[in-house]
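Trainee: sequence first, predicted coordinates after that:
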Amino acid sequence: MNPETLWFLAPLAFGYAVVFWIVSVRFPAVPLVLIFGLAPFQNDVSGMGGLHFSLSEVHLLLSVPLLLWRGWSGGLSWMTFVLWGSLALTTLLTVPNWRDTTAVSLVQMALYWLGAVAVFCHLPVRRQDWETALKALIGVGVLLSIAALSVRSSYFWGLNKNGIGASLACALVVTTECWIGSPEGNRRALGGALLLITGGMVLVLSRGAWLSAATGVLFIMVFRREYRRLIGLSIVLVPVVAGMWMLLPQDSKDYALGFDSTRYNIKARQLNTEWVMEQWSSSPVYGVGVGLRKEYDATNVLWLTLAETGPLGLCAFLAVHLRFLAKVWGERLGTTGRLVGISPMPLAGALLLGKLLHGMVDHYWSRGAITVVWASVGIALSPSAQQGVQRRTGADKLQRRRIGGSHAIKKGSPNSEAILKDSIGREPGGNRDELPK
């Protein structure tokens, strides 16, 4: 970017930032929507040397002052220690082998592990704030799917196959959770979005995205114990997948089904794995330093992390993911019945697990889907995530039927207080859209 252009754009950028902060203070959903909804558009808009930022990441950085204005002191709920600790350990292991690309890579890790989590943990005031962000991603997912179906290509708008596929996988998982947890009247539109996004995913031909999406949807259904809906959804989606598959040209089908080592993409992954293992063998204890990911086609995050920071760094990386997934699964084991309403816990667990598996066959530290994943973790940690989510048991269903039949609860009856608490999730007269005091 030449100096003349920079002098022209700097005042406009500053003015936009000021307007963004003013509006975001009044409407907390605005930064969440811009970060979450724009994440699939991975195009670089920075033009600043080694640092590259997409529109979503620009708004993520602009949201940091909002955190400080709110008085954020670095806390990330029960993920504080593992996230800060893993990032600190990664940095320490890198110091002996500092590379030209190390600083950029560490900034990237902090942006997702700390920035995205903190913003979506502390900025939402009500459930509607982050629910609006989820809807924004669904809308963008539908838009990308329509574009992919229109142009019959995996490359458009400056985006590529892997990036679009990963974003559509996230959108599909988010749509599934919203479809299950939304009121009956909204499910038809969300069902249509599911069909469109599924069709777009098939056309994009990203096998890693297919794996990620299938894992995420299955995780949500099992977490929620929605086995009948899983079967019903499969029955509906299989014809869509089959129909889209029939429309693909033969060379695309061969590509999607081909795992022969003579194919370029498979052979390249084998050579990359051999090369990265050689890098690790040159420094098996501390690794060769964070930043190696910028120097080759890093399509397996486990081998990459082992080569960059050794066994300790790999354990730290896995600890971040397993700590969250263990807490999510513990939440499931500690409850009976089914969830009512959109729940960030299974959603974040599904996205994180899908991203981890996707990262074993494709790039993990690439903009787009990773912002969505770690932002969803922040939502799950947010106090606003606990508002209005209820768990339905057999006794609850029976009680609700009784309430519905009588259209009223007799005041002063022995169970009236308990029934009212269960029906709105707070004391009688409370508002479940308010944050817990």
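Mentor: Cool, got the structure.

Trainee: show me what contacts residue 362?
Mentor: Contacts for residue 362 were tallied using C-beta atoms under 8 Å, 6 or more residues apart in numbering; they are 162, 166, 206, 208, 299. C-beta coordinates here come from the backbone N, C-alpha and C atoms, glycine included.

Trainee: and of these, the nearest to residue 198?
Mentor: Lowest distance from residue 198 to the contacts of residue 362 (C-beta to C-beta) belongs to residue 206, with 13.1 Å.

Trainee: does the closest residue to the closest one other than its chain neighbours count as helix, strand or coil?
Mentor: Nearest non-adjacent residue to residue 206, counting by C-beta to C-beta, 6 or more residues apart in numbering: residue 165, 2.6 Å away. When classified by DSSP: H, G, I helix; E, B strand; the rest coil, residue 165 comes out as helix.

Trainee: now residue 165: how far from residue 197?
Mentor: 11 Å (C-beta to C-beta, to the nearest Å).

Trainee: same question for residue 246.
Mentor: Residue 246 is 19 Å from residue 197, by C-beta to C-beta.

Trainee: and the protein, what are its domains?
Mentor: Using automatic domain parsing, the domain parsing of the chain gives 3-386, 397-424.

Trainee: average pLDDT across the last one?
Mentor: Confidence for domain 397-424, expressed as mean pLDDT, is 45.

Trainee: ok, the first one next?
Mentor: Along domain 3-386, the predicted confidence averages to a pLDDT of 90.

Trainee: go ahead and flag the most central residue of this protein.
Mentor: Residue closest to the mean C-alpha point of the chain, counted by C-alpha atoms, centre = their mean, is residue 373 at 2.0 Å.

Trainee: before we move on, back to that, of residue 246 and residue 197, who's got more company?
Mentor: Relative neighbour count places residue 197 above the other of residue 246 and residue 197, with 28 against 8, counting by other C-beta atoms under 10 Å.

Trainee: name the SS class of the more buried one, please.
Mentor: helix.

Trainee: do I have it right that it meets residue 143?
Mentor: No. Look at residue 197 against residue 143 with C-beta atoms under 8 Å: they stay out of range, at 10.1 Å.

Trainee: residue contacts, residue 15?
Mentor: Residues in contact with residue 15 (C-beta under 8 Å, 6+ apart): none are found.

Trainee: residue 282 - nearest residue in space that isn't next to it in sequence?
Mentor: residue 288 (6.5 Å).

Trainee: what's the neighbour count on residue 18?
Mentor: Neighbour tally, residue 18, other C-beta under 10 Å: 10.

Trainee: ugh, wrong one, I meant residue 287
Mentor: 27.

Trainee: please apply the same query to the one 5 residues further on.
Mentor: Using other C-beta under 10 Å as the criterion, residue 292 is surrounded by 24 other residues.

Trainee: for residue 324, same thing?
Mentor: 24.

Trainee: would it be right to say that it lies in a helix?
Mentor: Yes. Applying three-state DSSP, one finds residue 324 inside a helix.

Trainee: just checking, it touches residue 76?
Mentor: No. Applying C-beta under 8 Å, one finds residue 324 not in contact with residue 76, separated by 10.7 Å.

Trainee: buried set for stretch 333-348?
Mentor: 338-348 (16 or more other C-beta atoms under 10 Å).

Trainee: ends of it, what's the gap?
Mentor: Stretch 333-348 has an end-to-end distance of 17 Å (C-alpha to C-alpha, to the nearest Å).

Trainee: and stretch 254-268, by the same measure?
Mentor: End-to-end for stretch 254-268, by C-alpha to C-alpha: 18 Å.

Trainee: equivalent analysis for stretch 281-298, please.
Mentor: One end of stretch 281-298 to the other measures 17 Å (C-alpha to C-alpha).

Trainee: hang on, the earlier thing: top of the contacts of residue 362 by neighbour count?
Mentor: The most crowded member of the contacts of residue 362, judged by other C-beta under 10 Å, is residue 166 (33 neighbours).

Trainee: help me confirm that residue 339 is found in a helix?
Mentor: No. Judged by three-state DSSP, residue 339 forms no part of a helix; its state is strand.

Trainee: now it: closest residue in space, sequence neighbours ignored.
Mentor: If the residues on either side of it in the chain are set aside, residue 339 comes closest to residue 224, at 5.5 Å by C-beta to C-beta, 6+ apart.

Trainee: thought that neighbour was touching residue 180?
Mentor: Yes. Applying C-beta under 8 Å, one finds residue 224 in contact with residue 180, separated by 6.3 Å.

Trainee: dihedrals phi and psi, residue 297?
Mentor: When read as degrees, to the nearest 10, the backbone of residue 297 gives phi -80, psi 90.

Trainee: now do the same contact list for it.
Mentor: Neighbouring residues of residue 297 by C-beta under 8 Å, 6+ apart: 268-269, 272.

Trainee: could you flag which of the residues you listed are buried?
Mentor: Buried residues within these, defined by neighbour count using 16+ other C-beta under 10 Å: 269, 272.

Trainee: which among the contacts of residue 297 gets closest to residue 242?
Mentor: Of the contacts of residue 297, the one sitting nearest to residue 242 (C-beta to C-beta) turns out to be residue 269, at 28.3 Å.

Trainee: which helix or strand contains the closest one?
Mentor: Using DSSP states H and E, residue 269 sits within helix 264-281.
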